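S.K.: Quick one: sequence plus predicted model below, questions after.
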Amino acid sequence: MKKIQPVIGLEVHVQLNTRSKMFCSCSRDYFNSEPNTKVCPVCLGMPGVLPVINKKAVNLTILTGLAFDCSISPISSFARKNYPYPDLVKGYQISQFEEPLCIGGKISFMLNNEISEVSLERIHLEEDTARLIHNNSTVQDSSLMDINRSGVPLMEVVSDPDMHSADQAIGYLKKLRQTLRYIDVSDADMEKGSFRCDANISVRYEGDKTLGNKVEVKNMNSFRSIHRAIETEIERQSKMLNAGEEIVQETRGFVDAKGITVSQRSKEQAHDYRYFPEPDLPPLFNSDLTISNLKTSLKELPNIKSKRFEKQYGLLSEESELLASTKQTADNFEESVKEYQKLLKNNTEIELAKTVANWYMGDIAKQLNQISPDAELQDTQVSPRHISELLQLIHKKQITVSSAKVVLEKMFNNEGTPSNIVDQEGLGQLNNTDAIIEIILNVIKNNEKAIRDYNSGKTSALGYLVGQVMKETRGRIDANEASQLLIKKISEKK
Amino acid sequence: MMDTNIDLTLSALKHIHNMTESVYTSKQLIDKTIKNLHLQDSKLNAYITILDEYAFERSIAMDEKINRGEELPLAGVPIAVKDMLAFKGYPTTAGSRTLENFIPTFNSTVVEKLINAGAVIIGKTSCDEFAMGSSNEHAFTGPVHNPWNLDCVPGGSSGGSAATVAARGVPLSVGTDTGGSIRQPASFNGIYGLKPTYGRVSRYGVVAFASSLEQVGPMAYNIHDLALLLSVIAGHDPKDSTTLNEVVPDYHTSLDQGIKGMKIAVPDNIYDGANKIMQSKINAALEIFKNNGAEITEGISIPSWESALPAYYLIAPSEASANLSRYDGFRYGQSSVEYSDLWQRLENTRGLGFGKEVKRRILLGTYALSAGYYDQYYKKALKLRTMIKNDFKKIFNDYDFIMTPTTPAPAFKIGERITNPLEMYMSDYYTLPINIAGNPAISIPCGFIDDLPVGLQIIGKDLEEQKLLQCAAVYEKETTWNQEIPSF
């Protein structure tokens, strides 16, 4: 049997981080707002109102285009996309058609240890629709309308049909989301609806030149459901192709609970959007100056930052990637290094960065994970400077590493700054040799069996004994030092 | 003093002068105006809403301002506004049953400017439904009658605004002009009407019909009043991205500069299909301009003129088909109560709310924009539009004005053309191309045919409204057509 090749193109709608809406001055931030409180005559679609372009939204779209090597149109225009539905207050959506802001470009990411490059068709700007709430318990047999979302700036990133697996699609989406967050274009949060994806899927036999009939799959609200929906749809179409059945061009919805796609709209029922140039808005002229200014403001992108981390801090590439995975983590890490360097002027940046990196990838990541998978230091009371303070205490032997882990946990529980916690909890490192030796001698006295084992060559017994010392001191002694002192005292006793 | 002594046929400027000199108050003027309007309107049907209470209160407030010596350009003067412009807190129907109960929560920019200028908005005038029409027969409140002959139409779509000014109900009114909707009724009623350069006046809050063609403009029976009103309403508006960011001259204070040495082009095709007497009326007018030092060149060819009508009837309905889709009855306006599902509710709502002419144009526009027809119709219309613009540009390289009749003939009888849309559309033959090109144009009263007024259209260069008004002022000095008052 001939091998089947799935072909996938993605359309991603992204709400932009502007202060106001796309065409009016209403607040764009409607999340957690009472329904229909962030509205005005313009976004309500009242008779006679006119749109005014939000320049920030235009700039964010161009910025995104620059991040993905798109060419920015010197002249771009808006168009009306006509279709009747109650969530579309004007009966048309102001979108872009013939002259989008960004054309072409590509998104590159790692897939199975290889670079995968997906080409983009275009990135354009439009407005979001109102929200319809169906099956609400308060009103039966009708739907509720919340117009707060109407007119929120929406950027659509359209890929070419250039992907061939669900994994690749997810890799693409993750890179897109990461970049959008990096350059502060959007919070790109699927749960909040600020990052929404539709997939165009078709199948063909490998080697075929023409594309099969495409099916647009909608209603996916997490990366997991996108992955499942794509796989399910590929499987459905592959079976049909092998059985010689015709795959009809249509729109299908993914039913998460059942893990299947169901037909929503056939090609015949597809809208004729009757696009035409928006007469209420003059064309946008994107000058070379505007574009080059935006280019300079383009923040360091993840892969470039990761390369810099490798070089500047002498980290491994996996370490750098992990630390550069979100802009906040990267910024926090760098600030901690900087602060740590201020405290310890005699050490090199590379030495210090290594320690900071280990803590960020280890215990700090663990603490943050307990809050949520996406949590950052900013979601807690702990600051990057607190982290460097903690590390300095270790460095100066004022606390042991194991005490530091306890302190860190308490920092995340809002119990104070590192030194406060050390003071309050009496976690200062025991550097008074007399006191330590007394504890060591006690441990030797109370663990005769272990001492015998040790003396008879069972080196593992030493670990047990160190553990006992640590227990007695509540971890306030350096484990290495404890071990050395134990060895010394045991041999003196022999 | 007794308010009965107030002469309602005076110009707005004269009223302003008299109120400033305390000859009478705004309250007295408004009081008399409203009483008169109610009487007149039983015959004209020019208003959809007369704002008695609002106007009374407003006039008292304006009297206070006048007494305090505040200088507002239109303080205390009654003005009528076409019901296409949103007026906060008062019905704004666009002449359509669809918006019969619609009360906007915001002002159109022009209304805002009128209020800031101290004007007293006395009523909302009738118009063809959504400004689609040339006879004012297509309003849900019934036809408006021409004060010169009550059996005739006042023209449209700004028929109410024209009829009430001609009848001396108010000295000033505001209309909108998408294909001639200010100039054609101005001509039919023997008054002045000016369509400004596209982008000169804000469209914010004006119920949209064909966005790329329409402009709000002034109507009056005195050229200085017309100029004053234009000064008040013109200007850049941050809420309308299509407005031009150009300084607005004080039009009414510099009208006496004459037209010496100015060049007038008269197109070769202008009497095709026109009433035979029209030519003599226009020639008489041209003679006056010539005597005042203008140079007249006849037989100028504007080849694209003929394309304007087909281009207009593709562009305007296409834009209208989108502009009117918002009337779904879900958020405001009329809504059908009988339906079995969403789509039927939409169909019933729109089916009941819209009149025949509106439906005709929505269908036409929807068709022209449909997949497979877009390139053939809408795109071609845009190409024609470019041709027309270029033709006008070329002529204005050499001339200051183009002059034509405003309409092929005077007002026709009510009901005469309502069943023949093509004939109706032809009454805009002279005015449509100007909206396509975007230039400013004015209609000035230039005589009578069969006891009905007719107008001369003067078209100017972009943003040269000032010259148009100067030219009209020269004519007003030498004629008395604008002083003729209908009795009905």
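M.R.: Sure thing, it's come through.

S.K.: ok, the residue in the stretch 1-150 of chain A positioned nearest to chain B - contacts?
M.R.: Of all residues in the stretch 1-150 of chain A, A:G91 sits closest to chain B, at 2.4 Å by C-beta to the nearest C-beta. For every residue, glycine as well, the C-beta is placed using N, CA and C. Each residue near A:G91 by C-beta atoms under 8 Å, 6 or more residues apart in numbering or on different chains is listed here: A:G45, A:N82, A:Y83, A:P84, B:A322, B:L324, B:S325, B:R326, B:Y327, B:D328.

S.K.: Measure how buried the closest residue to B:D250 other than its chain neighbours is and give me the count.
M.R.: Leaving out its chain neighbours, the residue that sits closest to B:D250 by C-beta to C-beta, 6 or more residues apart in numbering or on different chains is B:S231, at 5.7 Å. By other C-beta atoms under 10 Å in any protein chain shown, the residues close to B:S231 number 20.

S.K.: what's the helix or strand that contains B:S231 packed up against?
M.R.: Taking DSSP states H and E as the definition, B:S231 sits inside helix B:223-233. When contacts are defined as 3 or more C-beta pairs under 8 Å, 6 or more residues apart in numbering or on different chains; DSSP states H and E, helix B:223-233 packs onto helix B:12-20, helix B:109-116, strand B:172-177, strand B:192-195, strand B:215-220, helix B:465-478.

S.K.: Point out the other helices and strands that the first one packs with.
M.R.: Identification of packing neighbours for helix B:12-20 by 3+ C-beta pairs under 8 Å, 6+ apart yields helix B:26-44, helix B:52-68, helix B:223-233.

S.K.: now what about the shortest one, what contacts it?
M.R.: Contacts to helix B:223-233, defined as C-beta under 8 Å, 6+ apart, come from residues B:11-13, B:73-74, B:79, B:110, B:113-114, B:117, B:119, B:171-172, B:174, B:192, B:194, B:196, B:201, B:216-220, B:248-252, B:255, B:442, B:444, B:465, B:469, B:472-473, B:476, B:482.

S.K.: Pull out the buried members of these.
M.R.: Buried members of the contacts of helix B:223-233, counted by 16 or more other C-beta atoms under 10 Å in any protein chain shown: B:11-13, B:73-74, B:79, B:110, B:113-114, B:117, B:119, B:171-172, B:174, B:192, B:194, B:196, B:201, B:216-220, B:248-249, B:251-252, B:255, B:442, B:444, B:465, B:469, B:472-473, B:476, B:482.

S.K.: ok, B:Y192 - contacts?
M.R.: With C-beta under 8 Å, 6+ apart, B:Y192 has these contacts: B:186, B:218-223, B:226, B:442-445, B:472, B:482.

S.K.: I'd like the residues you listed as JSON lines, with pLDDT and distance to A:I170 appended.
M.R.: Listed next are the contacts of B:Y192 as JSON lines, based on pLDDT from 0 to 100; distance: C-beta to C-beta, whole Å:
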{"residue": "B:A186", "pLDDT": "98", "distance to A:I170": "66"}
{"residue": "B:P218", "pLDDT": "98", "distance to A:I170": "62"}
{"residue": "B:M219", "pLDDT": "98", "distance to A:I170": "64"}
{"residue": "B:A220", "pLDDT": "98", "distance to A:I170": "68"}
{"residue": "B:Y221", "pLDDT": "98", "distance to A:I170": "72"}
{"residue": "B:N222", "pLDDT": "97", "distance to A:I170": "73"}
{"residue": "B:I223", "pLDDT": "98", "distance to A:I170": "71"}
{"residue": "B:L226", "pLDDT": "98", "distance to A:I170": "67"}
{"residue": "B:I442", "pLDDT": "98", "distance to A:I170": "65"}
{"residue": "B:S443", "pLDDT": "98", "distance to A:I170": "66"}
{"residue": "B:I444", "pLDDT": "98", "distance to A:I170": "70"}
{"residue": "B:P445", "pLDDT": "98", "distance to A:I170": "73"}
{"residue": "B:A472", "pLDDT": "98", "distance to A:I170": "70"}
{"residue": "B:N482", "pLDDT": "95", "distance to A:I170": "75"}
